[in-house]
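**Student:** The sequence isn't on hand, but the structure is:
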Ligand code: K2U
Ligand code: ZN
């Protein structure tokens with residue numbers, strides 16, 4: 001089932017999400033709905049708070065559905081190490097049609113649990129590293145506008161406020 005994606009301004013996006021404790025059928029259903037919602041957006045990542053569930057998990061598929069091995073869910077993720085830098089444009093499904101440059105780690109190693117509750121480690125580079133960093137921020141209530149300087153941020157916030165007023169923020 002495709003779920004509504006929460007847009008910037010909703011308090012759930014600014015909250016620190018709570019760890020997953022129950023690895024059950026309800027969790028499996030949520031993960032399936034998150035993947036379906038992500039592919040339909042389309043996006044390469046989607047965090048649970050973005051579908052109004054303040055829990056520490058996100059789904060990711062940087063192959064856009066082409067490579068089943070890249071279809072991954074990270075539950076209660078922990079970033080173990082980061083290395084290098086990469087700068088590139090980012091979007092966010094909670095900020096429709098807003099894009100700007102963000103610098104992220106070039107490489108990132110994370111530990112997480114899969115939907116069966118089994119722990120695994122992922123060693124990611126480039127877009128996958130970027131996506132994990134972006135989604136992990138969502139679990140801490142951190143949004144990518146935090147990486148904007150004060151002037152650019154003011155410009156983006158003004159644009160968003162205008163679009164909310166015009167009813168064009170969905
Ligand atoms: O969390 C989200 O809003 C999903 C983002 C995650 C993301 C942002 C930047 C770079 C990688 C992942 C969406 O996937 S944004 C849409 C998108 C689509 C293709 C490539 C990059 C971003
Ligand atoms: Zn996002």
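**Tutor:** Cool, the structure landed. In this text, all values refer to a predicted model and were calculated from it rather than measured experimentally. Ligands and ions are numbered 1, 2, ... in the order given.

**Student:** Let me see the contact set for the nearest residue to residue 44 once chain neighbours are set aside.
**Tutor:** Distances taken as Cβ to Cβ, 6 or more residues apart in numbering place residue 62 nearest to residue 44, at 4.8 Å, with adjacent residues excluded. All C-beta spots, glycine's among them, are computed from the backbone N, C-alpha and C. Contacts of residue 62 were listed using Cβ atoms under 8 Å, 6 or more residues apart in numbering, and they are 44-45, 70, 127-128, 131.

**Student:** What separation do you get for the residue most central in space within the chain and residue 17?
**Tutor:** Centroid check for the chain by Cα atoms, centre = their mean gives residue 135 as the closest residue, at 2.9 Å. Residue 135 sits 11 Å away from residue 17, going by Cβ to Cβ, to the nearest Å.

**Student:** which residues do those two both contact?
**Tutor:** residue 47.

**Student:** Name the nearest residue to residue 122, ignoring sequence neighbours.
**Tutor:** Nearest to residue 122 is residue 110, by Cβ to Cβ, 6+ apart, at 5.3 Å.

**Student:** so the one you found sits in a strand?
**Tutor:** Yes. Under DSSP: H, G, I helix; E, B strand; the rest coil, residue 110 falls within a strand.

**Student:** just checking, it touches residue 120?
**Tutor:** No. In this structure, residue 110 is not within contact of residue 120 by Cβ atoms under 8 Å, at 9.3 Å.

**Student:** ok so, going back, hmm, the host helix or strand of the residue nearest to the centre of the chain in reach of ligand 1?
**Tutor:** Assessed by DSSP states H and E, residue 135 sits inside helix 126-139. Yes. Using Cβ under 6 Å from any ligand atom, helix 126-139 reaches ligand 1 at 127, 130-131, 134-135, 138.

**Student:** pLDDT and distance to residue 82 added to those residues, as TSV?
**Tutor:** As requested, the residues of helix 126-139 next to ligand 1 are exported to TSV (pLDDT from 0 to 100; distance: Cβ to Cβ, whole Å):
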residue	pLDDT	distance to residue 82
127	98	15
130	98	11
131	98	14
134	98	13
135	98	14
138	98	17
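
**Student:** Reformat those as JSON lines; add distance to residue 13.
**Tutor:** Formatted as JSON lines, the residues of helix 126-139 next to ligand 1 follow (distance: Cβ to Cβ, whole Å):
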{"residue": "127", "distance to residue 13": "22"}
{"residue": "130", "distance to residue 13": "19"}
{"residue": "131", "distance to residue 13": "17"}
{"residue": "134", "distance to residue 13": "13"}
{"residue": "135", "distance to residue 13": "12"}
{"residue": "138", "distance to residue 13": "7"}
